[in-house]
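> Sequence first, then the predicted structure, then my questions.
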There are 2 protein chains.
Amino acid sequence: MLSNHLQNGVETAKLMWSRLPDADPEADVGGANGELVREGRNEGGDVESLDYEVIENYAYRQEQAKKGKLYVGYTVVVKWLLALLIGIGTGIAAVFINLSVENFAGWKYSLTFDIIQKSYFAGFVVYMLINLALVLSSVYIITHFAPAAAGSGIPEIKGYLNGIDTHGILLFRTLVGKIFGSIGSVGGGLALGKEGPLVHTGACIASLLGQGGSTKYHLSSRWLQIFTSERDRRDLVTCGCAAGVAAAFRAPVGGVLFALEEVTSWWRSQLMWRVFFTSAIVAVVVRTAMGWCKSGKCGHFGSGGFIIWDISDGQEDYSFQEFLPMAVIGVIGGLLGALFNQLTFYIAHWRRNYLHKKGNRVKIIEVCMVSVLTSIISFGLPLFKKCTPCPEGDAGIECPRPPGMYGNYVNFYCANNNEYNDLATIFFNTQDDAIRNLFSAKTIHEYSAPSLLTFLVMFYSLAVVTFGTAVPAGQFVPGIMIGSTYGRLVGMFVVSFYKRLNIEEGTYALLGAASFLGGSMRMTMSLCVIMVEITNNLKLLPLIMLVLLISKAVGDAFNEGLYEEQARLRGIPLLESRPKYQMRNMTAKEACGNQKVVYFPRIVKVADVLSILRSNNHNGFPVIDHSRNGETLVIGLILRSHLLVLLQSKVDFQHSPLPCETGPLPNRHNLAEFVKPVSSKGIGISDIHLTPDDLEMYIDLAPFLNPSPYVVPEDTSLTKVYNLFRQLGLRHILVVPRASRVVGMITRKDLLIEDNEESAAVELQSTSVREDRQEDRILLWKKTDAEQPLLGLLLDR
Amino acid sequence: MLSNHLQNGVETAKLMWSRLPDADPEADVGGANGELVREGRNEGGDVESLDYEVIENYAYRQEQAKKGKLYVGYTVVVKWLLALLIGIGTGIAAVFINLSVENFAGWKYSLTFDIIQKSYFAGFVVYMLINLALVLSSVYIITHFAPAAAGSGIPEIKGYLNGIDTHGILLFRTLVGKIFGSIGSVGGGLALGKEGPLVHTGACIASLLGQGGSTKYHLSSRWLQIFTSERDRRDLVTCGCAAGVAAAFRAPVGGVLFALEEVTSWWRSQLMWRVFFTSAIVAVVVRTAMGWCKSGKCGHFGSGGFIIWDISDGQEDYSFQEFLPMAVIGVIGGLLGALFNQLTFYIAHWRRNYLHKKGNRVKIIEVCMVSVLTSIISFGLPLFKKCTPCPEGDAGIECPRPPGMYGNYVNFYCANNNEYNDLATIFFNTQDDAIRNLFSAKTIHEYSAPSLLTFLVMFYSLAVVTFGTAVPAGQFVPGIMIGSTYGRLVGMFVVSFYKRLNIEEGTYALLGAASFLGGSMRMTMSLCVIMVEITNNLKLLPLIMLVLLISKAVGDAFNEGLYEEQARLRGIPLLESRPKYQMRNMTAKEACGNQKVVYFPRIVKVADVLSILRSNNHNGFPVIDHSRNGETLVIGLILRSHLLVLLQSKVDFQHSPLPCETGPLPNRHNLAEFVKPVSSKGIGISDIHLTPDDLEMYIDLAPFLNPSPYVVPEDTSLTKVYNLFRQLGLRHILVVPRASRVVGMITRKDLLIEDNEESAAVELQSTSVREDRQEDRILLWKKTDAEQPLLGLLLDR
């Protein structure tokens, strides 16, 4: 009964998973000791599990044997050098994107303003065509060149760092597509931002630097071969993410915290300092570039560009009375954010399953339609708005602003010269500028409530529709736009209600922005710090926190965060850090269900390997051997990918089914051979071409298997298994019967080994001798009963 | 040969550990599957390992069975409520300490300044006596009331969060001693700070709130019983640490990062938000209190107090030329910091092993001598310094400052009224004020190089001597003092060298402070953010980073960080996050050595339990049972502390050596009974009093053991074992033979169980039924061969 019930639980769970849109249980989730199997997807985005465990096989031990203390120091130097390069690369990429976007947008607006002096219709046509051209270039790059560069990329990167590799996300072409696609889509005025894509860009740069260039033509320089484990790559990508955020918002601390809180699933305190170093390098690079641009060499760039909305001259103080309207902002943010997540989820689901299946042409047409719609709304709506006379008092802000400049108070379709159009000020403007205007202090009563409401509704709709189209798209800036609009609305009411207080509408706009991002992305501390860094005002920290706390709580009551929803939609199965409630009552054995475990014997016929690999889609196989007294013994785990490497290289084939006993194996493999390039598929079973002679030969798997995979006894609770799996970043755990005896106990004192310089020196000298001995141990391990049955074991159960 | 070599490695390692001062291998590190054994220490500071693993025994399952979904929500509410309370408590404690210190110090200085108008000698005597009285009160509290409150407490808290409980550190008396001791020692003008103690204070408040008050008289209110696992307590203490830093520096973000980087060994992203919330509450509490004090209700508090050295009006920009002097500051910081660590280590070692063994009287005399010395130097040295005329240009800073006020340009032993004594400005002043003066901008040429050098040498020596005396002592503020002095010195040279640049000496003082702290404490990101938050200047972030990077690297070349050195000295064996290099070539079995494992059978005679517990000092014992076909089977691990609870309560004794078969056990225990109160010793074996009848009875251990302890196969590499142990916060790992077969494989898809509302509801209804069944499973598990030998198994091997 009990196990029946639990079995039901597992079934229900599988059912639930299968109910996810686009997640087909048969195709996606392997059977038996199955895996997430590679399966073709629309946008070339297959997913595959990653293994952050160190595979301590023969090649690994060979590598280790070669390493001395010096090598460790060398590794550290290379890691720091790479952190430096990632920082510089991401910083330059960010500057390039910003420079291009600002120049395109600036040129577009100044041209349009010139033309509308004569004809508003001609101005509109030009404006629309420029937007269309930019957006078209972006969508063309994405659809024909780099499909994995669509969207923000953060869900995929988050998945990568959680242990799921989506094919294509870290390729060179994706990087190029992301950079140029971003320029087109943001420059083209769509309701999206360039910040999310910058995170992806940073991750791509990091990954490519780590493997020495693009997957196809990568440099095989020796010094890069140290990054052969998935774990090292993961650390690099973490650096890249932080660098991306640091570049996007010029927020080095925020970048580190974003990487820490939002994207990574594992964290080491040593890594933090390196990540922070990368972020600071980005800050220096960006600052240097901006200093260089100050002299006007960069065209329209310089006045706008990087989002730093300095509101340090805003509200300094706050009274307890203001907590109520701030709480209201938090609630609105939670509701609108959750609604945003839900709407985008449905629309993106519909797009994936219907619209985008019809091919690239449909995607292009869709984006173009969105672009035209955006142009019409942003140009057309302000035309219906009556202009407002400029305010009387002089607060140091020019009204109306001179044409072709950035600033508040845009004169657009106004009868008089000393009037401004408040809707155009936020709508017919680059988003960065619009936000600066919304955040601006000392501009009380600049906007009318109907204008803000109109803008809120229209922009919210545009953002929902734009999200999920085939262009690179970040959600930060649209989120800030939406949030600051209703924030400013609330601020206006507060100003008119509490008349005597020194209240700035701009501060409320900032809180609104924080609340919407909190309600949608559900980030907490990192968002808080990013908001503080972009506004350069430490004093508002407690208020931002309060608002975020409320909006996140409200949002969590409805659905998951934006990135989690999107990851689910894309079939990226993220493992949360906390085990599910139901797991407390399940055991490891129950979680496996009644799977049939597929074994390999130690020495196996090539033909059998091939047929086993073909007959299932498992990714790891236990290898068993016979002990002296005839008992079976699990000697390790061999990965499908390693078997495929062995089958392809053929050098390890042998004629007899006996373990080769002629001393240590020649150094035929190095670790790099076994490593799959990031984001690509590696060798497939169809790449293997064997002659009939090959098929009759044998392989001794002992040198290639992972001799100590993690194991759990069969009645361990699933909570514990989950923690083990999640904390250590595993891909396989073997479930074994309870042990019959205990050989020893390891406690803290057994692990307190002091770093001993002398013994390390001895180690270094005796390395080669010991290496051979270790080899002997493996190879001699049961020379006596070498005549084990080959497939008998497989058929045993 | 190989294993011989490795055995040697282990021996060497043990030897190394035994070479640590104050760490006696026989007494400290148990034999066999030994533990860190409780052993009396000078200052009442025993250490004991903690177990962050969830012990899933009978009582735990009973607890779980009672819990529904609602309970989970309830737990969350209580956790947040506690976070709120910790924030408020720590904030109030910080305000109280600051208020008291500022008032004592202010009163002291104003009195002294009044008297020296008439007689410098009388002034000195009064100054010295006030200092002595304050310091004496502090040392008396520490020696007679709360010995665990001496020092900064950060090494002990770091140890606690790493899994080592030092007895006494989280008691109520320690909290009280820390607060009042801090007031005395800081108010008494010693060369130490109140920031480190505040971290300890925050941790104590958190721990006490979590268990509902002091250990002796704690409230057993129901809602607090949810914090029964070491893991929950750890999270609370983490919150407390962050709150302490946030309160000390008014740096909420810095507090979170400090907790994250420096003190915790485990981190979950859910925790971050709660920690941040606590920090923000502290910020609000402190801000409110300071707002209240602005009106002058708090005596001398208000103008000084909390360290916020706002240098936002300082240097805005920096040129690349300045990087060289900044790098020099980094190198100096690394060297002086490493020297500081080394000197304090030797002196503290000498104190522990010779001086402090002579009893409390010696400790008191020592502190008094240090206090008198400090008074003589800080009063006497400025007397020898010739006064300087006040600067001509009016920069808005009064010179000399009016008596009794805080500020620059102290007129002390000067012939004329418009002169000031630069040495007195930094020496004869509260430390907060001195730092503010050193950091101050627009005061170029205020200090002469000889004065700064004199101060540097004298204060450095005082700080080294004071560190380790029996008073609460933080190292932040002295570190900032030392660093900013040489920073300012370098700044003076830079100002006179690069004349044309807009350089502020105060900025260099800040960098110097960062470099010394980096060189001594080796913190990175948290220190960076703390420096930014206390100086309220985001723009200097990259410079602070550069300096820290250099000083940490230089310092690391010589020795470990201050807290690690001190933890080592106090016999707190911290496990670093990274396994040692040697572990790569060792296996789990080799790490155990040839220990003899002490087993328990499932049903054991009380007399045998007692004799086994007496015969060794192990803390965990494997329990074995016989399976149907006569094989032995490891059914779990029982902890010494749980056995002692069973022996003391006696309710589980039974007359027959058969497993009790009469249905589910009555609800005789709840989880709280098995939990040792924080920082106290729990039940000792001497507390057990059994009659001869009791000794003849039996206990069935099955309901009380942890049925699924983590296991590793015997030839797993020690690196993997280390990662497992460290990542999951374990206390014991069982080393077992290789498995003979694999029951199943767990991969990511097996762990992807969707939260299912319906199944949860079903679970809730069927809880009681299922609970019984689970019980049955345990109790019926091998009813058939209940006649197992009792001690036979123990003697088996």
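Arrived safely. Numbering: from 1, shown residues only, chains lettered A, B, ... in the order given.

> wait, doesn't A:I444 sit right on A:E505?
Yes. Counting by C-beta atoms under 8 Å, A:I444 sits close enough to A:E505 to count as a contact (5.9 Å). Bear in mind the C-beta positions are built from the backbone N, C-alpha and C, glycine included.

> And the two? Which one has more around it.
Of the pair A:I444 and A:E505, A:E505 is the one with more neighbours under other C-beta atoms under 10 Å in any protein chain shown, namely 29 against 17.

> Excluding covalently adjacent residues, which one is nearest to that one?
In this structure, A:E505 finds its nearest non-sequential neighbour in A:G491, 3.7 Å apart by C-beta to C-beta, 6 or more residues apart in numbering or on different chains.

> do the same with A:Y508
Residue nearest to A:Y508 in three dimensions, not counting chain neighbours: A:G491, with 2.9 Å by C-beta to C-beta, 6+ apart.

> before we move on, what about A:A415?
Using C-beta to C-beta, 6+ apart, the closest residue to A:A415 is A:C387 (6.6 Å).

> Spit out the contact partners of the one you found.
Listed by C-beta atoms under 8 Å, 6 or more residues apart in numbering or on different chains, the contact set of A:C387 reads A:411-416, A:419-421.

> outside of whichever strand or helix holds A:L453, which residues touch it?
Secondary structure assignment for A:L453, by DSSP states H and E: helix A:449-466. If you take C-beta under 8 Å, 6+ apart as the criterion, helix A:449-466 is touched by A:190-192, A:336, A:340, A:343-344, A:347, A:370, A:373-374, A:377, A:381, A:385, A:422-423, A:426-427, A:473, A:475, A:478-479, A:481-482, A:485-486, A:488-489, A:492.

> Helices along the stretch 1-150 of chain A, start to end?
With DSSP state H, counting those that start in this stretch as the criterion, the stretch 1-150 of chain A has helices at A:2-19, A:25-28, A:58-66, A:69-116, A:120-144.

> Please tell me how far the residue lying closest to A:I183 once chain neighbours are set aside sits from B:V477.
Excluding the flanking residues, the one nearest A:I183 by C-beta to C-beta, 6+ apart is A:S100, at 4.5 Å. According to C-beta to C-beta, to the nearest Å, A:S100 stands 49 Å off from B:V477.

> ok, those two, which is more surrounded?
Shown here are A:S100 and B:V477; by other C-beta under 10 Å, B:V477 has more neighbours (24 against 20).

> The more buried one contacts B:I435, doesn't it?
Yes. At 7.2 Å, B:V477 counts as touching B:I435 under the criterion of C-beta under 8 Å.

> From chain B, how far out is the residue nearest to A:Y508?
Distance, A:G491 to chain B, by C-beta to the nearest C-beta, to the nearest Å: 21 Å.

> Give the helix, strand or coil label for that residue.
Secondary structure for A:G491, judged by DSSP: H, G, I helix; E, B strand; the rest coil, is helix.

> same thing with A:R731?
A:R731 ends up coil, using three-state DSSP.

> That one reaches A:N619, doesn't it?
Yes. Counting by C-beta under 8 Å, A:R731 touches A:N619, with 7.2 Å between them.

> ok, and the closest non-adjacent residue to whatever residue of the stretch 551-700 of chain A ends up closest to chain B?
For the stretch 551-700 of chain A, the residue closest to chain B is A:C592, as judged by C-beta to the nearest C-beta, at 2.9 Å. Of all residues not flanking A:C592 in the chain, B:G744 sits nearest, at 2.9 Å (C-beta to C-beta, 6+ apart).

> for that neighbour, what are its contacts?
By C-beta under 8 Å, 6+ apart, the residues touching B:G744 are A:33, A:588-589, A:591-593, A:595, A:597, A:714, A:734-735.

> again, only this time at 6 Å
A:592, A:595, A:735 (C-beta atoms under 6 Å, 6 or more residues apart in numbering or on different chains).

> of the residues you listed, closest to B:L548?
Nearest to B:L548 out of the contacts of B:G744 is A:V735 (C-beta to C-beta; 46.7 Å).

> quick check, that closest one in a strand?
Yes. Checked against three-state DSSP, A:V735 lies within a strand.

> That one reaches A:A588, doesn't it?
Yes. Shown here, A:V735 and A:A588 form a contact pair, counting by C-beta atoms under 6 Å, at 4.7 Å.

> sorry, back to before: now do the residue nearest to A:A415 against A:H445, distance only.
If you go by C-beta to C-beta, the gap between A:C387 and A:H445 works out to 14 Å.

> likewise A:L336?
For A:L336, the distance to A:H445 equals 24 Å [C-beta to C-beta].

> Compare neighbour counts for those two and give me the winner.
Taking neighbours as other C-beta under 10 Å, A:L336 and A:H445 compare with A:L336 leading, 24 against 12.

> before we move on, the earlier item: show the buried residues in the contacts of B:G744.
The neighbour-count test (16 or more other C-beta atoms under 10 Å in any protein chain shown) applied to those identifies A:592, A:595, A:735 as buried.

> For the residues you listed, point out the one with the lowest pLDDT.
Minimum pLDDT across those is recorded for A:Q595, with 73.

> residue ranges of the strands in the stretch 551-700 of chain A, please?
Applying DSSP state E, counting those that start in this stretch to the stretch 551-700 of chain A gives strands spanning A:600-601, A:603-605, A:620-626, A:632-639, A:653-654, A:698-700.

> Great, nothing more from me.
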